[in-house]
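In: Predicted coordinates and the sequence they were generated for:
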Protein chains: 2
Amino acid sequence: MDITHLEKQIQHKQSFLCLGLDSDLSKIPNHLLNKVDPIFSFNKSLLDSLNELIVAVKINTAFYEANGSSGWLTLEKTIRYINNNYPDLFTIADAKRGDIGNTSDKYAQAFFNTLEFDSITVSPYMGSDSIAPFLKYKDKQTILLGLTSNKGAEDFQLFPDLNNSLFKRVLTQSKQWNHSNNLMYVVGATKAAYLKDIRSIVPDNFLLIPGVGTQGGSLKEIFDNGANNKIGLLVNSSRSIIYASKKEDYLIEAFKVAQKLQFEMKQLILRCL
Amino acid sequence: MDITHLEKQIQHKQSFLCLGLDSDLSKIPNHLLNKVDPIFSFNKSLLDSLNELIVAVKINTAFYEANGSSGWLTLEKTIRYINNNYPDLFTIADAKRGDIGNTSDKYAQAFFNTLEFDSITVSPYMGSDSIAPFLKYKDKQTILLGLTSNKGAEDFQLFPDLNNSLFKRVLTQSKQWNHSNNLMYVVGATKAAYLKDIRSIVPDNFLLIPGVGTQGGSLKEIFDNGANNKIGLLVNSSRSIIYASKKEDYLIEAFKVAQKLQFEMKQLILRCL
C-alpha cells in the first residue's frame, strides 16, 4: 500500500486505530472452540465488525507460531482474508525479524511476497545491512523498533544515557539509510514523555504506538506529543479490544471499546483541522 | 538437552561443528525438485550423511517462512526427524526472536514446546523482560545476539565506542539475569579479534559462531581466542557445506567439506588435552 493511501484513510475514517490480532486459543470465547479453525473465525468476525473503525491491522506472529504449521496456516488465511475483503486496511506483520543480508532477504520474501503484508516490524540490533533487504521494497513499509513499551526497554535502548541513547542513535542513523522514507518506528505508548524528542528527530515518518489499553498509555498525551501535520500515528490496541468479553457478546463489547477509542481519535483529529 | 550432554558429545565426536540448514529451493540440487517435499528430502539426506561429524544443527527459520505454511511444515518435519533419529544432536532454531513478555512467552512455546528445539537465537534489543520467558525453560538454551558477523554490526553493537560498547553491555547485563546459566551468545567468526575480550566477560557460556566458510572466518583463530576448558564453542557452517555441489554428488562434496572442518576441530581439541 502506498503511504499516502494510509494517510487518506486516516482522514476519511477519522481514525488512526490499529487492531492487534494477538489471538490466543486459551483466551477467545468458548463457543468458537468448536469451529474448524477457531482463531481464524475469531479474527474474521472481529474484522467484519470493526473494519470501519480501524485503519490498520497488526498480526502478532508469535501467537500463530505457537500453534505450529497449522497456526501459520491460520496466519496465511487471516492476511488473505484482509487483503481480499478489506484492501484499504494497512497490514502489519508484527514479527520483530532481522538477520544478516541473505537471511533478511528471505524474511522480506516471506512477509512481503508470500504473505503480502504491507509492512513488518524489525529489530535494529544487527544494523543497516540487516534492514536494507526490507527497505528495498518500494511499496512496503519497514517498522523499526525505536523505544519499546516494556520495562526492559531501559536495559539497552536508554544505554549509555538518556541524551546519548541507543534508541536515538537508531533514529538518527536509520534516517540516513537508502529508502528511509519507507521507515516507520515503534514507540511504546508508555513512553509518551519521549515522544516530542522522537518527533523532532523523525518529523515525517509514521510512528506505530502499541501499549494503549492493557499496557496503560494515554491517547491524548500520545497525540499531543507525537502527531505531525498528516497525523503520522498508528495507535495499536490488542487485548483491550479483542478480549473485551469472553462470552457470546464479544463482538459487541469489542465494538464498544474500539468505538470509544475511535471517537477519542476523531476529537483529536478534528481539533487539528 | 542438558548442556553437559552437548559437552560430552563434543569430546566424543571430537567436533564442535554445527550444520546450518539454510535450505533454499533455488539452490538445492535439481534432481531433488521432483520429490514431494524437496527441502525436507535435502535436509534428511544431509543429516543422514553428516550426523557423525556434527554435534549441532541450526535451522534458519527465514528460509522456511519464505515458503509460507508449507515451509513451516517442512521446518516441523525436519526438527521431528532430528529429534526422532539423532537425539544426540543439539538443535538450534535460528529465529532471532524477542518481544514484550506475553509475546516472548508465545515464541518460547512455539520453539521449545511445539517444535521441541533445544535452543533459540534471540535479539537483546528489548531487554531483560523480553528474554526472561525463554530463560525460564530449565533444559533449554537461549542464544543471545552479542557481536554479529555482518558489516552492520558496527552501527549499533559497537556504539557508542569500542571500550564501552552495546555488545559488551549486553554481555555484562545478561550475566546478571535469572537463569543466566541457560544463556549462550552469538559471536560472528569475522569478529575473532574481539573473542578474547568476550571470553573474559562470559568465561563459562557457550559461544555460537556463525560465519566460518562463506563469510570468511578462521577456525584456528576462533579456537585460540574463544575456547574455554570445556571447549564452549559451536561453530556453524551453512552454505559452504550444504551447497558444496549442486549436482547428484552433493552429499559426497558436503561430506568432504564437513569432514575437513571436523578434522581441523579434532586437531584443535586434541592439542588441549
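Out: Done, it's in.
In: CA only for contacts and neighbour counts going forward, please
Out: Noted.
In: Pull the contacting residues for A:Leu17.
Out: By C-alpha atoms under 8 Å, 6 or more residues apart in numbering or on different chains, the residues touching A:Leu17 are A:53-56, A:234-237, A:261-262, A:265.
In: and A:Asn164, backbone torsions?
Out: The phi/psi pair for A:Asn164 (degrees, to the nearest 10) reads phi -120, psi 60.
In: where's it relative to B:Ser174, distance?
Out: Computed as C-alpha to C-alpha, to the nearest Å, the A:Asn164 to B:Ser174 distance reads 22 Å.
In: what's stretch A:20-30 in contact with?
Out: Contact partners of stretch A:20-30, identified using C-alpha under 8 Å, 6+ apart, comprise A:33, A:38-39, A:42-43, A:57-60, A:63-64, A:236-239, A:242-243, A:245-248, A:250.
In: Return only those of the residues you listed found close to chain B.
Out: Here is what survives when these are matched to chain B using C-alpha under 8 Å from any C-alpha of the partner chain: A:60, A:63.
In: In helices, which of the contacts of stretch A:20-30 fall?
Out: A:38-39, A:42-43, A:63-64, A:239, A:242, A:250 (DSSP state H).
In: tell me the two of the residues you listed that are most distant?
Out: The span of the ones in helices among the contacts of stretch A:20-30, defined through C-alpha to C-alpha, is set by A:Tyr64 and A:Tyr250 at 20.8 Å.
In: Looking at these two, which has the bigger crowd around it?
Out: Taking other C-alpha atoms under 10 Å in any protein chain shown, A:Tyr64 and A:Tyr250 do not tie; A:Tyr64 has more neighbours (26 against 20).
In: Does A:Asp95 belong to a helix, a strand or coil?
Out: No Asp there; residue A:95 is Ala. Secondary structure for A:Ala95, judged by DSSP: H, G, I helix; E, B strand; the rest coil, is strand.
In: Chain B versus that one, what's the distance?
Out: 8 Å (C-alpha to the nearest C-alpha, to the nearest Å).
In: what's the distance between that residue and A:Glu221?
Out: Counting by C-alpha to C-alpha - A:Ala95 and A:Glu221 are separated by 27 Å.
In: Among those two, which residue is more densely surrounded?
Out: A:Ala95 (21 against 15).
In: How about the contacts made by the more buried one?
Out: A:60-62, A:120-122, B:97.
In: Just give me the residue closest to the centre of chain A.
Out: Compute the mean C-alpha point of chain A, and by C-alpha atoms, centre = their mean the closest residue is A:Lys58, 4.6 Å away.
In: beta partners for that one?
Out: A:Gly20, A:Ile92 (DSSP bridges).
In: quick one: it from chain B, how far?
Out: Applying C-alpha to the nearest C-alpha, the value for A:Lys58 to chain B is 13 Å.
In: Look up how far B:Asn181 lies from that residue.
Out: A:Lys58 sits 35 Å away from B:Asn181 when distances are taken as C-alpha to C-alpha.
In: Now do the contacts for the residue of chain A most remote from its centre.
Out: What lies farthest from the middle of chain A is A:Asn34; by C-alpha atoms, centre = their mean that is 29.6 Å. Neighbour list for A:Asn34: empty [criterion: C-alpha under 8 Å, 6+ apart].
In: What pLDDT is listed against it?
Out: As predicted, A:Asn34 sits at a pLDDT of 97.
In: Name the nearest of the contacts of A:Ala95 relative to A:Tyr185.
Out: Checking the contacts of A:Ala95 against A:Tyr185 by C-alpha to C-alpha gives A:Thr121 as the nearest, at 8.5 Å.
In: Which secondary structure state is assigned to the closest one?
Out: Using three-state DSSP, the secondary structure recorded for A:Thr121 is strand.
In: Beta-bridge partners for it, please?
Out: A:Ile143.
In: Could I get the buried residue list for stretch A:238-247?
Out: Of the residues in stretch A:238-247, A:238-245 count as buried by neighbour count, 16 or more other C-alpha atoms under 10 Å in any protein chain shown.
In: out of these, which one sits closest to chain B?
Out: A:Arg239 (11.0 Å; C-alpha to the nearest C-alpha).
In: Looking at that closest one now. What's its pLDDT?
Out: A:Arg239 is assigned 95 on the pLDDT scale.
In: in the stretch 51-200 of chain A, which spans are strands?
Out: For the stretch 51-200 of chain A, the strands defined by DSSP state E, counting those that start in this stretch cover A:56-60, A:90-97, A:119-122, A:141-147, A:160-161, A:164-165, A:183-187.
In: got the angle for the second one vs strand A:56-60?
Out: In terms of direction (axes from the mean of the first three to the mean of the last three C-alpha atoms, to 10 degrees), strand A:90-97 departs from strand A:56-60 by 30 degrees.
In: what angle separates strand A:90-97 from strand A:141-147?
Out: Going by the same axes, to 10 degrees, strand A:90-97 makes 60 degrees with strand A:141-147.
In: and strand A:90-97, how far from the chain's centre?
Out: 7 Å (C-alpha atoms, centre = their mean, to the nearest Å).
In: Report the mean per-residue pLDDT for it.
Out: 98.
In: A:Asn164 and B:Ser174: which is more packed in?
Out: B:Ser174 (20 against 12).
In: My guess is that one contacts B:Asp129. True?
Out: No: using C-alpha atoms under 8 Å, B:Ser174 makes no contact with B:Asp129, being 10.9 Å away.
In: Point out the residues in the stretch 1-150 of chain A that sit beside chain B.
Out: A:60, A:62-63, A:65-70, A:72-73, A:76, A:95-100, A:103-104, A:106-107, A:109-111, A:114-115, A:123-130, A:148-150.
In: redo that, cut-off 7 Å
Out: In this structure, the stretch 1-150 of chain A approaches chain B at residues A:62-63, A:65-69, A:72-73, A:96-98, A:100, A:103, A:106-107, A:109-110, A:114, A:125-130, A:148, A:150, judged by C-alpha under 7 Å from any C-alpha of the partner chain.
In: quick one: low-confidence parts of the stretch 151-273 of chain A?
Out: Under the criterion pLDDT under 70, the flagged ranges of the stretch 151-273 of chain A are A:214-217, A:273.
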